[in-house]
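1. Below: sequence and its predicted model.
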Amino acid sequence: MVSPQYLERAVEQFANNYWPEEAATRYIATAAANAPFEELKKCALFQVADEQRHLEMDRDIFVRAGVPERDWLPAWEQPGTTCRFFRHVLELEDPYEILVKANFVAEGAAGPGTFAVLADGAEARGDLLTAVNHRARVRDETRHISYARSLVRALIEDDPSNLDVIQQWQDESLQLFKEVAKGGARRAWWEGFLGSYYKIATPLGLKPTPISF
Ligand SMILES: [Fe+2]
Ligand SMILES: [Fe+2]
């Protein structure tokens, strides 16, 4: 059992999990449809299945927590959420741009680190279902990050000038994510988010995005 107070704070977090998974089932389907080679299409198709599973898990968490469905979208559309970033990705058609922004930058930053922290936090508050959900997801997200990382490496090896384009995609993505740091109020979260991402991005030659609050 969890306290009503915990649930209230958790709704925004649930929305920040559920809607990106819902978006992922659609933008990764676009990436699969437009994939220029067979291996990439296969990776994207497997990911569609993963994201659908995550979506179902997050829907179940909302339902079990007793949050009325009419509250799910407003919780995500309010300022300070991941909404602006994912709506941007949903407008993209280029499979490389989708995979760099969503898998490499967003999942690379939020993926394993954030879900492990969320799992520990949920467990500490007695919300075991959420904890199990987050731990199961870490494995899938790690796979999504891995193939995006291979893609980024291949694109840069193929043509070093691709590094500039990828840098620009990173900058655009992190600027859109900035609002989740709530003007610096969630600084510890933001530092961890950037730290996870730069751990994979810096070795490939990418530079930190200048961001101020
Ligand atoms: Fe996912
Ligand atoms: Fe994913």
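-> On my side now, so go ahead. Everything numeric in this text was worked out from a predicted model, so none of it was measured. Ligands and ions are numbered 1, 2, ... in the order given.
2. in which helix or strand would I find A131?
-> helix 128-158 (DSSP states H and E).
3. Check which helices and strands that helix is in contact with.
-> The contact analysis (3 or more CB pairs under 8 Å, 6 or more residues apart in numbering; DSSP states H and E) places helix 128-158 against helix 38-64, helix 108-124, helix 162-177. C-beta coordinates here come from the backbone N, C-alpha and C atoms, glycine included.
4. how about that helix, does it reach ligand 1?
-> No: judged by CB under 5 Å from the ion, helix 128-158 stays clear of ligand 1, getting no closer than 5.9 Å.
5. Would that helix count as contacting ligand 2?
-> Yes: against ligand 2, helix 128-158 shows contacts by CB under 5 Å from the ion at 141, 144.
6. Distance from that helix to the middle of the chain?
-> Distance, stretch centre to chain centre, for helix 128-158: 10 Å (CA atoms, centre = their mean, to the nearest Å).
7. Repeat that for stretch 101-121.
-> How far stretch 101-121 lies from its chain's middle: 6 Å, per CA atoms, centre = their mean.
8. and that stretch, anywhere near ligand 1?
-> No: applying CB under 5 Å from the ion, one finds stretch 101-121 separated from ligand 1 by no less than 7.6 Å.
9. How about the chain: which residue is closest to ligand 2?
-> H144 (4.0 Å; CB to the ion).
10. so what's that residue up against?
-> Each residue near H144 by CB atoms under 8 Å, 6 or more residues apart in numbering is listed here: 47, 50, 103, 107, 111.
11. With F177 instead?
-> F177 makes contact with 82, 85, 106, 109, 193, according to CB under 8 Å, 6+ apart.
12. Show me the two of those residues that sit farthest apart.
-> By the measure CB to CB, F85 and F193 form the most distant pair in the contacts of F177, at 11.8 Å.
13. out of the two, which sits in the more crowded spot?
-> Neighbours per residue (other CB atoms under 10 Å) separate F85 from F193, with F85 holding more: 24 against 21.
14. if I look at that one, how far off is G66?
-> In this view, F85 and G66 are 28 Å apart by CB to CB, to the nearest Å.
15. Confidence-wise, which helix or strand of this protein is lowest on average?
-> Across the helices and strands of the chain, mean pLDDT, DSSP states H and E gives its lowest value to helix 108-124, namely a mean of 80.
16. Which phi and psi values does A35 adopt?
-> phi -60, psi 130 (degrees, to the nearest 10).
17. hang on, isn't it packed against K41?
-> Yes: the criterion here is CB atoms under 8 Å, and A35 meets it with K41 at 3.8 Å.
18. between those two, which one's more packed in?
-> Applying other CB under 10 Å to A35 and K41 shows that A35 carries more neighbours, namely 19 against 16.
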